[in-house]
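Q: could you look at this predicted model? Sequence included:
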Amino acid sequence: MYFIGNWKMFGGLNSLNSLHRVIKFYKGFKRNRLVKIIYCPPSTLIRPMSKKLKNSRIEVGAQNCHENENYGAFTGSINSKMLKDVGAKHVIIGHSENRQRGESNKKINNKIRSALKSGLKVVFCIGETSQEKRKKKTYQVLSNQIKTGLDKVKNTRNIIIAYEPVWSIGTGLIPKSNELIKIIHFIKKKYKNLKVLYGGSVNPKNIRELKSINNIDGFLIGGASQDAKKFIDIIKKTYN
Ligand code: PGA
């Protein structure tokens, strides 16, 4: 099971102090062979975090990248090669917070292909808005996102899908279990070997309900991942 922490635009160097607790927990956790932890901090923390997590088997990822895998005159941007260079092994692409700011499926496709070329593993986010859900367009939206997002991607071995309904991110709302089972099944049917995570308001209170959905391969965790105790609680409760 994957437990991926998305710190979003939170955290400075002193936030790294909280990792000690997670490193210690992970080391002593009996089921740790079954658990893969990945932290995706802001880009400024990738290097120092990688150093801190050295030898812990916890990996580091980025939250986005530019679509061009070569250097170029793109002020303010960072590409996948640069992220890899400072220690990232993964990158989140297609997060709804970036889609809402204009990132298209086509651009996401370019980003995914560039990240794979640079040797990063991709956490590819998809999800419908509340309006699309209301209009019963969920499956159509997800299909489009996946189809265009993975266009010309021949090998999906280094891709994990994170299903994150936009209406559940940061709201405390989660999908009904039967709906979630169906959606995950739908995604897996399209791409046989893909792992599918759930993301959106995952916390220590709802994790028991979520973990009972047996086709989920893990979780993408925003808010709760910034709190070491909550993050650890989520992992513990997944296994008992
Ligand atoms: P949340 O965020 O857990 O705070 O809802 C999830 C995400 O945006 O990846």
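A: Structure received. Not measured: the values here are computed from a predicted model.

Q: need the contact list for the residue of the chain found nearest the ligand.
A: Proximity to the ligand, evaluated over the chain using CB to the nearest ligand atom, is greatest for residue 222 at 2.2 Å. The C-beta positions use only the backbone N, C-alpha and C, and glycine is treated the same way. Shown in contact with residue 222 (CB atoms under 8 Å, 6 or more residues apart in numbering): 6, 8, 169-170, 199, 202.

Q: near the ligand, from the residues you listed?
A: Restricting the contacts of residue 222 to those near the ligand by CB under 6 Å from any ligand atom leaves 6, 169-170, 199, 202.

Q: quick check, nearest of those residues to residue 95?
A: residue 6 (7.5 Å; CB to CB).

Q: and residue 215, how far from residue 144?
A: For residue 215, the distance to residue 144 (CB to CB, to the nearest Å) stands at 22 Å.

Q: could you pull out the helices for the protein?
A: Assigned helices in the chain, in chain order: 19-28, 46-52, 80-85, 96-99, 105-117, 130-134, 138-149, 177-190, 207-211, 228-238 (criterion: DSSP state H).

Q: now for the fourth one, which elements pack on it?
A: With contacts defined as 3 or more CB pairs under 8 Å, 6 or more residues apart in numbering; DSSP states H and E, helix 96-99 has no packing partner among the helices and strands.

Q: likewise for the last one?
A: Judged by 3+ CB pairs under 8 Å, 6+ apart, the packing partners of helix 228-238 are strand 2-6, helix 19-28, helix 207-211, strand 218-221.

Q: tell me the angle of the longest one relative to strand 2-6?
A: Regarding helix 19-28 and strand 2-6, their directions subtend 180 degrees when assessed with axes from the mean of the first three to the mean of the last three CA atoms, to 10 degrees.

Q: surely residue 8 meets residue 64?
A: No - shown here, residue 8 and residue 64 do not form a contact pair, counting by CB atoms under 8 Å, at 10.6 Å.

Q: which one's more surrounded, those two?
A: residue 64 (21 against 18; other CB atoms under 10 Å).

Q: against residue 96, how distant is residue 170?
A: 10 Å.

Q: between these two, which has more neighbouring residues?
A: residue 96 (21 against 13).

Q: just give the nearest non-adjacent residue to residue 18, would you?
A: residue 228 (4.3 Å; CB to CB, 6 or more residues apart in numbering).

Q: ok, now which ones touch that neighbour?
A: Taking CB under 8 Å, 6+ apart, we find residue 228 in contact with 18-19, 21-22.

Q: filter the contacts of residue 222 down to just the ones in strands.
A: 6, 199 (DSSP state E).

Q: farthest pair in the contacts of residue 222?
A: The largest separation in the contacts of residue 222, counting by CB to CB, is between 8 and 202 at 14.0 Å.

Q: how about the contacts made by the residue of the chain positioned farthest from its centre?
A: Going by CA atoms, centre = their mean, the residue of the chain most distant from its centre is residue 73, 28.1 Å out. Residues counted as contacts of residue 73 (CB under 8 Å, 6+ apart): none.

Q: what parts of this structure come near the ligand?
A: Counting by CB under 6 Å from any ligand atom, the chain sits next to the ligand at 6, 164, 169-170, 199-202, 220-224.

Q: can I get the residues you listed in a markdown table with pLDDT?
A: What follows is these, written out as a markdown table (pLDDT from 0 to 100):
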| residue | pLDDT |
| --- | --- |
| 6 | 98 |
| 164 | 98 |
| 169 | 98 |
| 170 | 97 |
| 199 | 98 |
| 200 | 98 |
| 201 | 98 |
| 202 | 98 |
| 220 | 98 |
| 221 | 98 |
| 222 | 98 |
| 223 | 97 |
| 224 | 98 |
